[in-house]
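> give me coordinates for this.
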Amino acid sequence: MVSDQQVKKLFRFDAQGHGKQVAADKAGLDPKTARKYRHLARLPSEVQTIMERSWRTRADAFAEFWPEMAQRLEAALRRPAGETVAPPVAPEPPAAPARAARSEPPSPPAPPARPAPEKTSFENLEDEMASLLGRPKPSS
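Here you go, the predicted structure:
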């Protein structure tokens, strides 16, 4: 990225009568880049506003989702910090076929499961966006 300071140096060295190659080298610019700014006679900060692109290069892949996502995000921002939202319900997997009874004694009961740590609002938002896009939820 070329800075305004480099181009000012280029113009100064040009005004002092240095050769084009020497002036570009002293300003720390490639000769082609120096040629561009000599031709434009403007600083990079002035050129960026002129050359800025204002058109789309491809269709917005999320165009159909933006309105709903914006509503959900606004709702999430208005929600109190401690309040949690129930995640969307996924369809139940088909039941496994019944197995034949075993003759072995039953195994000891499993220790009680630890409660899952409470999700942050960022993780809830991530889950919401994943469900909107129909993608699997990111692993935590």
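> quick one: the helices in the protein?
In the chain, the helices defined using DSSP state H lie at 4-15, 20-27, 31-40, 44-51, 66-78, 121-133.
> the worst-scoring helix or strand of the chain on mean pLDDT: how far from the chain's middle?
Ranked by mean pLDDT, DSSP states H and E, the weakest helix or strand in the chain is helix 121-133, scoring a mean of 72. How far helix 121-133 lies from its chain's middle: 14 Å, per Cα atoms, centre = their mean, to the nearest Å.
> relative orientation of it and helix 66-78 in degrees?
160 degrees (axes from the mean of the first three to the mean of the last three Cα atoms, to 10 degrees).
> remind me what helix 121-133 packs against, helices and strands.
Judged by 3 or more Cβ pairs under 8 Å, 6 or more residues apart in numbering; DSSP states H and E, helix 121-133 is in contact with helix 66-78. Heads up, the C-betas are built off the backbone N, CA and C, glycines and all.
> how far is the helix it packs on from where the chain is centred?
17 Å.
> can I get it in PDB, CA atoms only?
Output in PDB follows, covering the C-alpha atoms of helix 66-78 (Å, rounded to 0.1, in the frame of the first residue of the first chain):
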ATOM      1  CA  TRP A  66     -30.700 -11.100   5.800                       C
ATOM      2  CA  PRO A  67     -34.200  -9.800   6.900                       C
ATOM      3  CA  GLU A  68     -34.800 -12.700   9.200                       C
ATOM      4  CA  MET A  69     -31.200 -12.600  10.600                       C
ATOM      5  CA  ALA A  70     -31.500  -8.900  11.200                       C
ATOM      6  CA  GLN A  71     -34.700  -9.500  13.200                       C
ATOM      7  CA  ARG A  72     -33.200 -12.300  15.200                       C
ATOM      8  CA  LEU A  73     -30.100 -10.300  16.000                       C
ATOM      9  CA  GLU A  74     -32.100  -7.300  17.100                       C
ATOM     10  CA  ALA A  75     -34.200  -9.600  19.300                       C
ATOM     11  CA  ALA A  76     -31.100 -11.100  20.700                       C
ATOM     12  CA  LEU A  77     -29.700  -7.700  21.600                       C
ATOM     13  CA  ARG A  78     -32.900  -6.700  23.300                       C
END
